[in-house]
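**Student:** My questions are about this predicted structure, shown below with the sequence.
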Amino acid sequence: MTKTRQTDTSIWIGAEGQRLPIGKVTVLSVTERETEFGINYLYKFIDEAGNRITWFASTDQYLQTGDACIIAKATVKKHSEWAGRKETLISRAKIEEIK
């Protein structure tokens, strides 16, 4: 029996170094990691178009898996691929709650 891989529709967002609004996203996962500089948080998001976004934050944003929020602004740090999926790594994100 052969397994068929689902086609991933994720594309890279913006250009590296560009500051832009990303919009509504859903939290896929939150990982808390201890580093030599203190606690670091790894947030993985997916937007409404299916694009994957990764953010390493130094402060807890109190988001949980499944939460919806808005990334009002973020700087595109890097475009990469993880497990065959295109991901946009962001920094300096400004998160807003959906009201």
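**Tutor:** Thanks, I have the structure now.
**Student:** Name every sheet partner of the longest strand anywhere in the chain and say whether each one runs parallel or antiparallel.
**Tutor:** If you go by DSSP state E, the chain has its longest strand at strand 68-82. Strand 68-82 has its sheet partners listed here by DSSP bridges as strand 19-20 (antiparallel), strand 23-35 (antiparallel), strand 85-97 (antiparallel).
**Student:** Which among the ones you listed is found nearest to residue 61?
**Tutor:** Among the strands paired with strand 68-82, strand 85-97 comes nearest to residue 61, with 5.4 Å by Cβ to Cβ. Yep, even glycine has a C-beta here, placed from its N, CA and C like the rest.
**Student:** Take that closest one, keep the C-alpha atoms, and write them as CSV.
**Tutor:** The C-alpha trace of strand 85-97 is given here as CSV (Å, rounded to 0.1, in the frame of the first residue of the first chain):
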residue,chain,number,x,y,z
ARG,A,85,7.0,22.7,3.7
LYS,A,86,7.8,26.3,3.0
GLU,A,87,7.8,28.4,6.2
THR,A,88,8.4,32.1,6.8
LEU,A,89,10.4,32.9,9.9
ILE,A,90,9.4,36.2,11.5
SER,A,91,10.8,38.5,14.2
ARG,A,92,9.5,41.6,16.0
ALA,A,93,5.9,40.5,15.7
LYS,A,94,3.1,42.6,17.1
ILE,A,95,0.2,40.3,18.1
GLU,A,96,-3.4,41.5,18.5
GLU,A,97,-6.3,39.6,20.0
